[in-house]
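Peer 1: All I have is the shape, not the residue letters:
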């Protein structure tokens, strides 16, 4: 039968050519349907833009905070994370693009092969996120809020668009900048060859004057990523029952550390909205003095701010 | 042979129509290969005024970083002496004050973009910061051999179209033949051999606005050990009332 087909070149030739074309086209990533791309796999982070912004206690650059958000952030003391009951609290959904880790994504299908969800695996301090693709309804506003929240997704104009709600009140920066449980996070996953860009737009009516928009780039990794080391709490100098470390917002001793370190404008470090737009540069042009030349940790390995 | 090709195309078309075997890349086409003019074939509308929304790398973009600092840029050893020897006054004297406004970095410079169609196959991007102009040509052409390198180089563009419900797509731009420039204001270099690959994507915002996301990949065998990737974003503005052309500056 097969040999017959081979002999009948008029059928076999075109079929081989067609399948070859399909295979060539599929090289960059297998997709289920037109307008989709393969998102499952391991995606290594490219740390060429801001990572975590947690090197100094008060660094709200690039944020548009409400006064309430700024006040709460300034009251935060990083020592809170030494409390045994808070060590494994983990970080919220936004940490997907704010943290240093890559993404390991898998898909789950139903019996008919339709994709029901994508799962982005947990890291040691970040909960796994499920993106439901089956049009299930969003739960009641009173339903349980979690660190990962509730996320639904759909393919839209060539990108995976997703929305996260039902997050626990938490943080949008590890330095204590708050994100409320009323926050909504819109995601877009764009894939261009082996590069994936994840766009986050976090909207919070309580703590953000304008959405926080962050994009992070990842490259497809041939080596599977696995960051699932469990968090194990241990004694870090705080006894159970100790008071929660904090500052009075107007007495945060670190409020000017970043300002002095790099001669930065205070209103920018404290996350005022106007500092995010180009015209702000005009207001500081005549007062800004560049910091002295960098002498240590100046290069790519020095991802963190050098504190004096 | 011809009959074989026709039959193969037919089978591909059938499989494509079934929507099972053909991934998204089959639905994409380079603008240069299409007979339609690029403007008419645009799967997304990039025209209009866009303003930088600087929420990332603020310290490297909104102010001039310290001399000698190049964190998060994978520079090669050859770049380090240039970084440490950065002399903005010398750049100014030599007429090189636009070195930090070249195609390798202009999308990260805080400012506004005005995107228009110069003609049916050329998308024009003007920047008010540094008053630069980029031309994205959809007609197939290779970098002009012997042509004088410029700050913005020569850019070949194509649409990456997406099939399926909702359509959409992305603009891909590859730029070469640039003058050597800076990735940051403080003299982190890229060479004349660098190439810049970009994707322009748009996304709606919950408030009804629109966001432009530009993924920029700079590759340079001279001054980079690995591709340098950033993805600045812009908000759409209703008009050009805030357009504010400013000349290049080597210090600010």
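Peer 2: Arrived safely, thanks for sending. All of these numbers come straight from a predicted model, not from anything done at the bench. Numbering: from 1, shown residues only, chains lettered A, B, ... in the order given.
Peer 1: how about the helices in chain B?
Peer 2: B:2-18, B:24-27, B:38-41, B:58-61, B:79-84, B:88-93 (DSSP state H).
Peer 1: Worst mean pLDDT among those?
Peer 2: Ranked by mean pLDDT, these end with helix B:24-27 at the bottom, a mean of 34.
Peer 1: For the stretch 1-150 of chain A, which residue gets nearest to chain B?
Peer 2: residue A:35 (2.5 Å; C-beta to the nearest C-beta). Using the backbone N, CA and C atoms, a C-beta is placed for each residue, glycine as well.
Peer 1: can you count the residues close to that residue?
Peer 2: 23 (other C-beta atoms under 10 Å in any protein chain shown).
Peer 1: for the one 3 residues further on, same thing?
Peer 2: Residues near residue A:38, counting by other C-beta under 10 Å, number 17.
Peer 1: do the one 4 residues further on as well
Peer 2: By the measure other C-beta under 10 Å, the count of residues near residue A:42 is 19.
Peer 1: quick one: what helix or strand has it in it?
Peer 2: Element membership of residue A:42, judged by DSSP states H and E, is strand A:41-45.
Peer 1: Check which helices and strands that strand sits against.
Peer 2: Counting contacts by 3 or more C-beta pairs under 8 Å, 6 or more residues apart in numbering or on different chains; DSSP states H and E, strand A:41-45 packs against strand A:103-109, strand A:212-221.
Peer 1: residues in contact with residue B:175?
Peer 2: Contact analysis of residue B:175 by C-beta atoms under 8 Å, 6 or more residues apart in numbering or on different chains lists B:103, B:134, B:152, B:153, B:154, B:155, B:156, B:195, B:196, B:197, B:198.
Peer 1: in the sheet, who's paired with it?
Peer 2: With DSSP bridges as the criterion, residue B:175 is bridged to residue B:155, residue B:196.
Peer 1: got the end-to-end distance for stretch B:222-229?
Peer 2: The separation between the terminal residues of stretch B:222-229, taken as C-alpha to C-alpha, to the nearest Å, is 16 Å.
Peer 1: Counting neighbours, what do you get for the nearest residue to residue B:44 once chain neighbours are set aside?
Peer 2: Residue nearest to residue B:44 in three dimensions, not counting chain neighbours: residue B:202, with 5.2 Å by C-beta to C-beta, 6 or more residues apart in numbering or on different chains. If you count neighbours by other C-beta under 10 Å, residue B:202 ends up with 22.
Peer 1: Tell me both backbone torsions, phi and psi, for the residue nearest the centre of chain A.
Peer 2: In chain A, the residue lying closest to the centroid (C-alpha atoms, centre = their mean) is residue A:97, at 1.7 Å. Per-residue torsions, residue A:97: phi -110, psi -10 (degrees, to the nearest 10).
Peer 1: Look at residue A:62 and give its secondary structure.
Peer 2: Secondary structure, DSSP: H, G, I helix; E, B strand; the rest coil: residue A:62 is coil.
Peer 1: wait, it sits on residue B:56?
Peer 2: Yes: with contact defined as C-beta atoms under 8 Å, residue A:62 counts as touching residue B:56 (6.0 Å).
Peer 1: Next, show the common contact partners of the two.
Peer 2: Residues touching both residue A:62 and residue B:56 comprise residue A:50, with contact defined as C-beta under 8 Å, 6+ apart.
Peer 1: Low-confidence regions, chain B specifically.
Peer 2: Chain B contains residues with pLDDT under 70 at B:1-35, B:141-145, B:163-166.
Peer 1: any low-confidence regions in chain A?
Peer 2: A:1-34, A:300-308.
Peer 1: Could you pull up the residues touching residue A:145?
Peer 2: Residues near residue A:145 by C-beta under 8 Å, 6+ apart: A:166, A:167, A:168, A:169, A:181.
Peer 1: now the strands for chain A?
Peer 2: A:41-45, A:103-109, A:115-120, A:129-132, A:150-156, A:159-165, A:170-171, A:178-179, A:184-192, A:195-203, A:212-221 (DSSP state E).
Peer 1: excluding its backbone neighbours, what's nearest residue B:49?
Peer 2: Per C-beta to C-beta, 6+ apart, closest to residue B:49 is residue B:237, 4.3 Å.
Peer 1: For the one you found, the count of nearby residues, please.
Peer 2: When neighbours are counted by other C-beta under 10 Å, residue B:237 registers 18.
Peer 1: separation between it and residue B:112?
Peer 2: To residue B:112, residue B:237 is 7 Å away according to C-beta to C-beta, to the nearest Å.
Peer 1: For the residue of the stretch 51-200 of chain A found nearest chain B, list the residues it contacts.
Peer 2: Residue of the stretch 51-200 of chain A nearest chain B, by C-beta to the nearest C-beta: residue A:157 (2.7 Å). Residue A:157 makes contact with A:35, B:44, B:162, B:166, B:167, B:168, B:169 under the criterion C-beta under 8 Å, 6+ apart.
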